[in-house]
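> output the structure for:
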Amino acid sequence: MSHKNKTVVKSMDLLNLFRLNPRMSLNELVELTGSPKTSVHRMAGSLEEMGFLQRDGNGVYELGFVFLEFGQLVAERLDIRRAALPAMRQLRDEVEEAVNLTIRDGDESIYIEKLESTRPVRLYTKIGRRAPLYAGACSRILLAHMPETEAERYLERTELVPIAAGTITDVVQLRSLLAESRRCGYSLSHSELENDTSALAAPIFDYTGRIAGGLSVAGPDSRFRDERLPELSEKVRSAAERISRELGWKRE
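Presented below is the predicted three-dimensional model:
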């Protein structure tokens, strides 16, 4: 535990007490933690200021409403993963390429699910991987379908740094690609996050019509030749639409 921040660990230990005890006084927290009263009081006060704890008129603590917000975010992410997996499996079996599911997290995309290619030569990614929204098909499809004003603010504040040989670093070219993605319903990338790799992604929408995630197939450049792109784009868009319908989206 030497590599962990002791204050954070103690704070988590205190919060974990509320798993079994929904409401506790300061004295009860002191007794259960075995820590000095002044330390527990200071820690509980800090957690209360940040919204992780709340206290009633009698000084009794309980978990704060911020956990509802975090819980809702986690539930939404799990919902899209659960809705996506059947379509992802079917897509992987049809095209035999790696299939990835991403969602937006601030100015980045994050991979929340993946299925490996069934072919011997594979592109390895991992759940939890992050990428800037401007780079790679599965990130850029999220950026393409963000509200226009929000996307423009992102472009204005973001430096387009090269990551691999094909990373788009010209904002005029990037805007053109975003418009093309909105028009054709998919995004294509070559060597943007890793050299000699390609990806093709389509948007996933929720019941409100807002972008909820991106679905992509990815693999070596050699398997993403022009003659194969019509098949891949059709299958990826179809799978993404099935997932969108699972999330309550309806075509206008």
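
> going by C-alpha atoms from here, please, whenever you check contacts or count neighbours.
Noted.

> show me what contacts Thr118?
By Cα atoms under 8 Å, 6 or more residues apart in numbering, the residues touching Thr118 are 92-93, 96-98.

> what pLDDT, on average, does stretch 204-219 get?
The pLDDT scores in stretch 204-219 average 94.

> for stretch 233-252, that is, sorry about that
On average, stretch 233-252 scores 92.

> same question, stretch 33-41
Per-residue pLDDT over stretch 33-41 has a mean of 93.

> quick one on the thing from earlier: dump the contacts of Thr118 to JSON lines, plus distance to Arg245, secondary structure and neighbour count.
Supplementary listing: the contacts of Thr118 in JSON lines, determined by distance: Cα to Cα, whole Å; DSSP: H, G, I helix; E, B strand; the rest coil; neighbours: other Cα atoms under 10 Å:
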{"residue": "Arg92", "distance to Arg245": "19", "secondary structure": "helix", "neighbour count": "21"}
{"residue": "Asp93", "distance to Arg245": "21", "secondary structure": "helix", "neighbour count": "15"}
{"residue": "Glu96", "distance to Arg245": "24", "secondary structure": "coil", "neighbour count": "19"}
{"residue": "Glu97", "distance to Arg245": "23", "secondary structure": "coil", "neighbour count": "25"}
{"residue": "Ala98", "distance to Arg245": "22", "secondary structure": "strand", "neighbour count": "25"}
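
> from the middle of its chain, how far away would the worst-scoring helix or strand of the chain on mean pLDDT be?
None of the helices or strands of the chain scores lower by mean pLDDT, DSSP states H and E than helix 66-95, at a mean of 84. Its chain's average C-alpha position is 10 Å from that of helix 66-95, according to Cα atoms, centre = their mean, to the nearest Å.

> quick one: buried residues of that helix?
77, 80-81, 83-85, 87-89, 91-92, 95 (16 or more other Cα atoms under 10 Å).

> understood, closing this out.
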